[in-house]
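Asks: Starting from these lines, generate the structure:
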Amino acid sequence: MSSFDVMFYVIAAMTLFSAAIMVFSKNIIYNAMGLLFAFFGVAGVYVMLGADFIAATQLLIYVGGILVLLLFGVMLSQRITGLEMRTGTLQMLPATIVCAGVAAILLRMIWLTPWQKTAVAPPEPTTKNIGTLFMTDYLIPFEIVSVLLLAALVGAAFIGRREAR
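Replies: Below you'll find the predicted structure:
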């Protein structure tokens, strides 16, 4: 087993363990922390596949944006209500049965599939190609989207400022 395989298994185990914490924890802060490390694990798998642009996008959008927004929402709403927010795991037995069934089906498919083993060239970075395409062939759509996003940001700030008055 190569070091690449060992690293993949470590990242996959971390991702699965974090996802399990996210699903089974009753404290919403622990759920968010499990989600954070699950996102990092998925980004690690993307890096190992040679999809560096998607890995960076995963980190920027999901970890940097959505998860931080979720944590701020939880923390701010917790102080407003004064109640301790906890999730309730309902119907654990049916969920466990369904998950075990899906896992059994997936494992059966993995073991019965005749996998072809071929030598694979190391993946090449994709960021340079995507950047070149953004600045040559897709320059006009790229700029149109950036102006549209800027207009949406200014509009959201204007609406938020008007409601604050």
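Asks: give me the low-pLDDT residue ranges for the chain?
Replies: Under the criterion pLDDT under 70, the flagged ranges of the chain are 76-89, 162-165.
Asks: spatially speaking, which residue is in the middle of it?
Replies: Most central residue of the chain, judged by C-alpha distance to the mean C-alpha position with Cα atoms, centre = their mean, is residue 39 at 3.8 Å.
Asks: Give the next helix or strand downstream of the helix or strand containing that one.
Replies: Following DSSP states H and E, one finds residue 39 within helix 28-48. Downstream of helix 28-48, the first helix or strand assigned by DSSP H and E is helix 52-57.
Asks: which other helices and strands contact that following helix?
Replies: helix 28-48, helix 127-135 (3 or more Cβ pairs under 8 Å, 6 or more residues apart in numbering; DSSP states H and E). Every residue, glycine included, has its C-beta placed from N, CA and C.
Asks: Select, out of these, the one closest to residue 104.
Replies: Shortest separation from residue 104 across the helices and strands packed on helix 52-57 is recorded for helix 28-48, at 22.8 Å, computed as Cβ to Cβ.
Asks: helices or strands next to that closest one in the packing?
Replies: Contact here means 3+ Cβ pairs under 8 Å, 6+ apart; on that basis helix 28-48 packs against helix 3-24, helix 52-57, helix 68-81.
Asks: Could you chop this protein up by domain?
Replies: Domain assignment for the chain by automatic domain parsing gives 1-89, 126-165.
Asks: Let me know which of the ones you listed is tucked in deepest.
Replies: With neighbours defined by mean count of other Cβ atoms under 10 Å, none of the domains of the chain is more surrounded on average than domain 1-89, at a mean of 14.
Asks: What is the distance between that one and the centre of its chain?
Replies: Domain 1-89 has its average C-alpha position 7 Å from the chain's average C-alpha position, going by Cα atoms, centre = their mean, to the nearest Å.
Asks: wait, what's in contact with the residue lying closest to residue 38 once chain neighbours are set aside?
Replies: Spatial nearest neighbour of residue 38, excluding adjacent residues (Cβ to Cβ, 6 or more residues apart in numbering): residue 18 at 4.2 Å. Residue 18 is in contact with 34-38, 40-41, counting by Cβ atoms under 8 Å, 6 or more residues apart in numbering.
Asks: again, 10 Å this time
Replies: Residues touching residue 18, when contacts are defined by Cβ atoms under 10 Å, 6 or more residues apart in numbering, comprise 33-42.
Asks: just those residues now: which is nearest residue 129?
Replies: residue 42 (22.0 Å).
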